[in-house]
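Peer 1: Quick check, what structure comes out for this input:
(chains A and B)
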Amino acid sequence: MTESAIVTENLVKKFEDVTAVDGISLQVKKGELVGLLGPNGAGKSTAINILCGLTKPTSGSAKVGGYDVQRETAKVKALIGVCPQETAIYPYLTGAENIELFGNLHAMNKEPLRKRRDMLLENMGLTGDAKRRTAKYSGGMKRRLSLILALIHDPQIAFLDEPTVALDPQSRRAVWDFIKELKKESKTIILTTHYMEEAEELCDRVGIIDHGKLIALGSPEALISKRKVKNLEEVFIALTGRKIREEV
Amino acid sequence: MKFQRVLALTKKEMKKTVREPAVLFMIFLFPIVFVFAFGASFGSVGDGQPAYSIGVVNMDQSISVNASHILLNALTDTNILNVQTYVDNQTAQNDLSQGSIQGVIIIPADFSQSFASYQAAPNNPDMWTNATVSLYLDKGSLVATQAVPPIIQQVLSALAGPNQQAVASPFSLETASLVEVNAPSMFDFMAPGMFTFASIFLIMIVAQSFTEDRDNGMMKRIRITPTTPTEFMTSQVLSYMVIALVQAILVFVMVYFMGFQPEVGISVYAFAFVLVLLFSLSNVGFGLLTATIAKSSGAATGLSFLFVLPQMFLGTFVGSSLSSAAQVVGRIVPSYYVTDALTSLFLRGAAITSPAVLLDTVAVSVSCIAILAVGIILYGKYYKI
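Peer 2: Next comes the predicted model:
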């Protein structure tokens, strides 16, 4: 893997007459946690979909782990773990079965899969519910399980698309702690969120996206001090003239 | 292709089938309930007066008074029977076993002699030479077995002419069956179509499954893993073939205990299950086509009937009492060929290697694989796998 885990150059994605991603250029270093901050519809998820190889960009290029996401998609998929915005889990499977399924899809061996499954369930506080069908899980439990599915194969690069949305404070804190653990393991993480406090708490750098454009990029401290404001919320207001949550 | 992925996805699909009550009902209970309901309420003789193809083997070579020609003309004049003459019984029986004709009449060698004896002394049965006309019927056709004997009997009675005594005539009709079935009933005629029917509702299940997984993000989630489209589709096809096999076994057991016990070898049963498995491919294909058209799971349920109904009404036991025109139209659906092949095997006693069965098998194989391929290609084009 190269020093830059993720590189995008002038990435553009247009859906008919709507430009969802408008010329985003970004470099994410290995082991870095970068937050993409912006209101719903800003283009965060589209950018992640492009980086995962799910969506073809209209123009520009993107490399993940040194591999071109369009031409070397299979290699990219082997490197990454993605927690999508929607809580995508099979309701008729138990928590453990969901995890084992995705471990098998990543061709994990049985014993390492079992150990990592147990470890992740423990870390996310789901051990006691592992044998229950997920249809009976609460929303918070489902989100935590969704995060486990994304990380079961111990990926080098993780894309976490609003992993704490609609979580209760306790569950959100558990997810934050888990993400901090990943950071300690030198995982490269791209996290999208529209929670300012989440970005401030977790991210090395924050990119603010609005109407598909990356309008600011830097550490939370640098962004705040540069505009002489108290927090990222005020940074967003200073940049766009409106509150980030107004459009939520 | 990694078998580990295929197996994991197949196991997942099996668990879904067993654990989701709606799916469980639709796949396993519904066909059984439906078969019972139809078995109890349908099966009546069809409409109107369709034409029946009848083979005639004339053993009567009498020159002086050739009554067999009179009989042949009388049969033709009914306008209900299409009469084909055969030089020997074997050739006629072969065509009967292939479903090409619905019956074979054997005119005995002494038929003209019998006719002459009756003409000479119409009021003195003691002077008659009695003759027996043999009739073999297509046991795969409920309509033919019920409709043809009375027609032949009526023609024979008419041959005796206005001088015939109340009910007496020197000609008797003897029917023979090709394949012995322990307790011939409505089910005997419907059973082959029931096997075909069992897996038709896979169309709906496949369509619902794909649209649901698309709607709730599971399809996207799987696409993010290294799973290839080939691995994914293989797992889906395998899953539904297993389900189709279980459905066929369940329906078979059910109809067996309801009296359908054809005396055919184990190889015929095995071949029948192979046909049902092949047929399940077309249902997966139609399911994918439905999922391609449908924007949501709810819409998929309704749209699936675009494919379910023709397969069901034109190609299974459900359509056995439809008009002959509708049965001709039925040749556009794969289920028709499955039912026809199973009918030939179980009821007509045809061999697996017989032309009719082989032709049906080719039709089923080609059409089902083509439908599956079209389904996969179109679904993959509009919704990435």
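Peer 1: Chain A against chain B: which residues are in contact?
Peer 2: A:52-54, A:74, A:77-78, A:80, A:82, A:84, A:86-90, A:92-93, A:97, A:100-102, A:104-107, A:133, A:149 (C-beta under 8 Å from any C-beta of the partner chain). Any C-beta I mention is one placed from the backbone N, CA and C, and that applies to glycine too.
Peer 1: can you list the domains in chain B?
Peer 2: Listed by automatic domain parsing, the domain ranges of chain B are B:3-41+B:184-382, B:52-177.
Peer 1: Low-confidence stretches in the stretch 151-300 of chain B?
Peer 2: By pLDDT under 70, the weakly predicted segments of the stretch 151-300 of chain B are B:161-187.
Peer 1: what are the ranges of the helices in it?
Peer 2: B:186-198, B:202-215, B:218-224, B:229-257, B:266-293, B:297-303 (DSSP state H, counting those that start in this stretch).
Peer 1: in chain B, which residue is closest to the centre?
Peer 2: B:T339 (3.0 Å; C-alpha atoms, centre = their mean).
Peer 1: ok now the helix or strand hosting that residue, how far from the chain's centre?
Peer 2: For B:T339, the enclosing helix or strand under DSSP states H and E is helix B:334-346. Distance of helix B:334-346 from the chain centroid (C-alpha atoms, centre = their mean, to the nearest Å) equals 4 Å.
Peer 1: Kindly report the same for stretch A:96-114.
Peer 2: What separates the centre of stretch A:96-114 from the centre of its chain is 21 Å, taken as C-alpha atoms, centre = their mean.
Peer 1: Please identify the buried residues of it?
Peer 2: Residues A:96-108, A:113 are the ones in stretch A:96-114 that count as buried (16 or more other C-beta atoms under 10 Å in any protein chain shown).
Peer 1: Ok, stretch B:11-28 next?
Peer 2: For stretch B:11-28, burial by neighbour count (16+ other C-beta under 10 Å) applies to B:K11, B:K12, B:E13, B:K15, B:K16, B:T17, B:R19, B:E20, B:V23, B:M26, B:I27, B:F28.
Peer 1: can you narrow the residues you listed to ones near chain A?
Peer 2: Applying C-beta under 8 Å from any C-beta to the buried residues of stretch B:11-28, those adjacent to chain A are B:K11, B:K12, B:K15, B:K16, B:R19, B:E20.
Peer 1: Next step: those restricted to helices.
Peer 2: The helices, defined by DSSP state H, take in B:K11, B:K12, B:K15, B:K16, B:R19 from these.
Peer 1: Who are the contact partners of the first one?
Peer 2: Each residue near B:K11 by C-beta atoms under 8 Å, 6 or more residues apart in numbering or on different chains is listed here: A:L101.
Peer 1: Would you mind giving the secondary structure of A:V28?
Peer 2: At A:V28, secondary structure determined by DSSP: H, G, I helix; E, B strand; the rest coil is strand.
Peer 1: Wait, a strand at A:I148?
Peer 2: No. Applying three-state DSSP, one finds A:I148 to be helix, outside a strand.
Peer 1: before we move on, back to that, of the domains of chain B, flag the one that's most buried.
Peer 2: Among these, domain B:3-41+B:184-382 has the highest mean neighbour count (mean count of other C-beta atoms under 10 Å in any protein chain shown), at a mean of 20.
Peer 1: how long is that one from one end to the other?
Peer 2: End-to-end distance of domain B:3-41+B:184-382 (C-alpha to C-alpha, to the nearest Å): 27 Å.
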